[in-house]
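In: Mind looking at a prediction? Sequence and model below.
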Amino acid sequence: MHQYTRRDLPSPRPPTLQRRRNTRRHARLTLTLLAVGIAAVALMAQPSPTTALVGVHVIAMDREDVATNQTILVRDGRIAEMGPAADVAVSAKTTRVDAEGKYVLPGLAEMHGHLAGDDAAMNERILLLNVAYGVTTLRNMQGHPAHLPLRDRVARGELLGPRIYTSGPALGAKSIPTPDEAVKVVTEQKEAGFDFLKTQEGVSRAAFDAMVETAQKLDIPFAGHVAADVGLERALEAHYKSVDHLDGYVEALLKPDAAVDLAKAGFFGSAVIEHVDESKIPEVAQATKEAGTAVVPTETLIENFFTSEPIDTLLAQPEMRYVPKDVLSDWESSKRKFMTDGEGKIPAEQRDRLHAVRRQIIKALHDAGVLLVLGADTPQVLNVPGVAIHRELSLMVKAGLTPYQALEMGTRNVAVYFDTLREAGTIEPGKRADLLVVDANPLDDIANTSKRFGVMVNGTWLSRAEIDEKLEALER
């Protein structure tokens, strides 16, 4: 029976999606469910000339503060004016959104998401789900040539979706088995126009070093997994743009006398967690800060695989109705196999320690000034796009961050990561109008980010009623 390891999960292409490519039944199902939603999306892709959000409380994310009773005037996809509601004139030609008492913050980001290869219908579903839950930026961690025109269509406003940054196809043991292949593939991906490189497990040290040298020469960043042959120390020395999943961090904390095989460290260190020395965490956090490497924890992924909650309960969560039945069946199969035949069968005490150590690492990284950015790894097993990012926020608070600090990970920090702070990440005149409006203050309770009143993406306003109508078209 196959044993899942970090080499398998998450896979280069989400395993529950890649097998769908040649399944006609899946294609028909997805297209049918999306027919109404996609038609509406196409009509709404272009921003309306001017929209006013009136009476909102603004969490601008440039500081921990709330500006009350404001009006935000949006024109041509940008914030044209913002100020006290009594001082901002709203003309009769402006689309007025009465949002008195609601809270507005920048749109959130999914910094470890996946699109579905060249499956156009599934990609439409992923984009729509993200937008519906306030995700207005998507860093796609498993690229495909089909994602380049998709990225450009969204950027031009031809299709409603989160702004896409995409890697090329993952660089793993099969794609770059030798240094020569590493040079070739990195060069091809740069020339193709991908935004960055996705590193995967299993890469040899020699191939990795060739990849790094070529990437730096061509000025294309790389991010993702840390291969066992590479290790966290070398990854930081190479200046990863981001390390995802906290990959390599547990292994970096091993006691000097720990007699373990790093090739069998398990799912993100789960098999060696009993051999770590937590006193090394501040040192590792400081090394990350000095390297200038960002970190995307993806705690939702780890929680989903190692939770002791019954599988049937997980599958009965309300958002699962947006997942096609065959995909849901795959998720169930993967989860059950992981828990019964894979690394998920480790003792509960071991799972609890893994969660506790990861939370300590996250808090230490934040305290050291490392740039933490928000990602949930969707659509991985049990991770529904859009929905999962709100759970990730709650897990960051559970790790010891304040609600504001957690929100920074999905807003301002993302703009810092992409060097787009001049036009994104906070709410200010001149910046892109990517906004999430909610019913209650998320600084009081991070769960309030899920209480959506509406979403604005690239200047296009979607009320909760419009969002619910689109989501209804996706239901099984």
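Out: Received it, and whenever you're ready, just let me know what you need.
In: Buried residues of stretch 250-262, list them for me.
Out: 250-254, 260 (16 or more other Cβ atoms under 10 Å). To be clear about C-beta, it is placed using only N, CA and C from the backbone, and glycine gets the same treatment.
In: quick one: contacts of it?
Out: By Cβ atoms under 8 Å, 6 or more residues apart in numbering, the residues outside stretch 250-262 that reach it are 228, 231-233, 265, 268-273, 275-278, 280-281, 284, 354, 357-358.
In: From these, keep the buried residues only.
Out: 228, 231-232, 265, 268-273, 275-276, 281, 284, 354, 357-358.
In: after the helix or strand hosting V104 comes which helix or strand?
Out: Assessed by DSSP states H and E, V104 sits inside strand 103-106. Later in the chain than strand 103-106, the nearest helix or strand by DSSP H and E is strand 108-113.
In: Checking V186 next. Helix, strand or coil?
Out: Assigned by DSSP: H, G, I helix; E, B strand; the rest coil, the conformation of V186 is helix.
In: before we move on, back to that, what are the pairing partners of the strand holding V104, and which direction each?
Out: strand 50-58 (parallel), strand 435-438 (antiparallel) (DSSP bridges).
In: deepest of those, which one?
Out: strand 435-438 (a mean of 24; mean count of other Cβ atoms under 10 Å).
In: I'd like the distance between A92 and T50.
Out: In this view, A92 and T50 are 11 Å apart by Cβ to Cβ, to the nearest Å.
In: do the same with V74
Out: 7 Å.
In: ditto for V327
Out: Taking Cβ to Cβ, one finds V327 at 40 Å from T50.
In: Spit out the residues that contact V74 and T50 alike.
Out: With Cβ under 8 Å, 6+ apart, V74 and T50 have common neighbours A80.
In: What average pLDDT does the helix or strand encompassing L197 get?
Out: L197 belongs to strand 197-199 when assigned by DSSP H and E. Here strand 197-199 scores 98 as its mean pLDDT.
In: Summarise which helices and strands that strand is packed against.
Out: helix 205-218, strand 222-224 (3 or more Cβ pairs under 8 Å, 6 or more residues apart in numbering; DSSP states H and E).
In: Check those for me and report the most buried one.
Out: strand 222-224 (a mean of 25).
In: and it, what does it pack onto?
Out: Looks like strand 222-224 contacts strand 197-199, helix 205-218, strand 242-244 (3+ Cβ pairs under 8 Å, 6+ apart).
In: Could you dump the ones you listed into JSON lines and include distance to T340?
Out: Output for the helices and strands packed on strand 222-224, formatted as JSON lines (distance: least, Cβ to Cβ, whole Å):
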{"stretch": "strand 197-199", "distance to T340": "30"}
{"stretch": "helix 205-218", "distance to T340": "34"}
{"stretch": "strand 242-244", "distance to T340": "27"}
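In: and of those, who's closest to M456?
Out: For M456, the closest of the helices and strands packed on strand 222-224 is strand 242-244, at 26.9 Å, according to Cβ to Cβ.
In: buried set for stretch 465-476?
Out: 467, 470-471, 473-474.
In: can you give me the strands in the stretch 1-150 of the chain?
Out: For the stretch 1-150 of the chain, applying DSSP state E, counting those that start in this stretch gives strands covering 50-58, 67-75, 78-84, 95-98, 103-106, 108-113, 135-140.
In: still on that earlier bit, so of the buried ones among the contacts of stretch 250-262, which ones are in helices?
Out: 231-232, 281, 284, 354, 357-358 (DSSP state H).
In: between the helices and strands packed on strand 222-224, which gets nearest to D341?
Out: Of all these, strand 242-244 comes closest under Cβ to Cβ, at 25.7 Å.
In: quick one: low-confidence parts of the protein?
Out: Along the chain, segments meeting pLDDT under 70 span 1-48, 342-344, 476.
In: Can you tell me which residue is spatially central in the chain?
Out: E110 (2.6 Å; Cα atoms, centre = their mean).
In: wait, what's in contact with that residue?
Out: So E110 contacts 130, 135, 137-139, 162, 374-376, 378, 385-386, 389 (Cβ under 8 Å, 6+ apart).
In: 7 Å - rerun?
Out: Counting by Cβ atoms under 7 Å, 6 or more residues apart in numbering, E110 touches 130, 135, 138-139, 375-376, 378, 389.
In: State the number of residues packed around M396.
Out: Neighbour count for M396, taken as other Cβ atoms under 10 Å: 27.
In: still on that earlier bit, who's in contact with the strand holding V104?
Out: By Cβ under 7 Å, 6+ apart, strand 103-106 touches 53, 56-59, 61, 72, 407, 411, 425-427, 434-438, 440-442.
In: How far away from the center of its chain is that strand?
Out: Offset of strand 103-106 from its chain centre (Cα atoms, centre = their mean, to the nearest Å): 19 Å.
In: residue contacts, L127?
Out: 161-162.
In: how about a cut-off of 8 Å?
Out: By Cβ under 8 Å, 6+ apart, the contact set of L127 is 138, 154, 159-162.
In: Helices along the stretch 351-476 of the chain, start to end?
Out: 387-398, 403-410, 412-418, 464-472 (DSSP state H, counting those that start in this stretch).
In: Just put those helices in TSV and tack on distance to E81.
Out: Shown next, in TSV, are the helices of the stretch 351-476 of the chain (distance: least, Cβ to Cβ, whole Å):
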stretch	distance to E81
helix 387-398	29
helix 403-410	24
helix 412-418	21
helix 464-472	24
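In: Just the buried positions in stretch 398-413, please.
Out: So stretch 398-413, judged by 16+ other Cβ under 10 Å, has buried residues 399, 401, 403-413.
In: Which of these sits closest to Q216?
Out: Checking the buried residues of stretch 398-413 against Q216 with Cβ to Cβ, the nearest one is N413 at 23.6 Å.
In: my guess is that closest one meets L371, correct?
Out: Yes. The criterion here is Cβ atoms under 8 Å, and N413 meets it with L371 at 5.6 Å.
In: Common neighbours of those two, please.
Out: Joint contacts of N413 and L371 (Cβ under 8 Å, 6+ apart) are A294.
In: mind listing what the residue of the chain most remote from its centre touches?
Out: Of all residues in the chain, A92 has its C-alpha farthest from the mean position, at 38.9 Å, by Cα atoms, centre = their mean. Taking Cβ under 8 Å, 6+ apart, we find A92 in contact with no residue.
In: can you check the one 10 residues further on too?
Out: Under the criterion of Cβ under 8 Å, 6+ apart, the neighbours of K102 are 55-57, 437-439, 453.
In: Please report phi then psi for it.
Out: phi -90, psi 160 (degrees, to the nearest 10).
In: List the buried residues for stretch 356-376?
Out: 357-366, 368, 370-376.
In: my bad, should have said stretch 183-196
Out: 183, 185-186, 189-190, 194-196.
In: Could I get those in CSV, plus columns for distance to V66?
Out: Rendered in CSV, the data for those read as follows (distance: Cβ to Cβ, whole Å):
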residue, distance to V66
V183, 51
V185, 48
V186, 45
Q189, 43
K190, 43
F194, 39
D195, 34
F196, 35
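In: of all those residues, which two lie farthest apart?
Out: Among the buried residues of stretch 183-196, V183 and D195 lie farthest apart (Cβ to Cβ), at 19.5 Å.
In: wouldn't G134 be in contact with V455 here?
Out: Yes. Counting by Cβ under 8 Å, G134 touches V455, with 5.1 Å between them.
In: Touching both of those two, which residues are there?
Out: What both G134 and V455 touch, as defined by Cβ under 8 Å, 6+ apart, is the set 107, 436.
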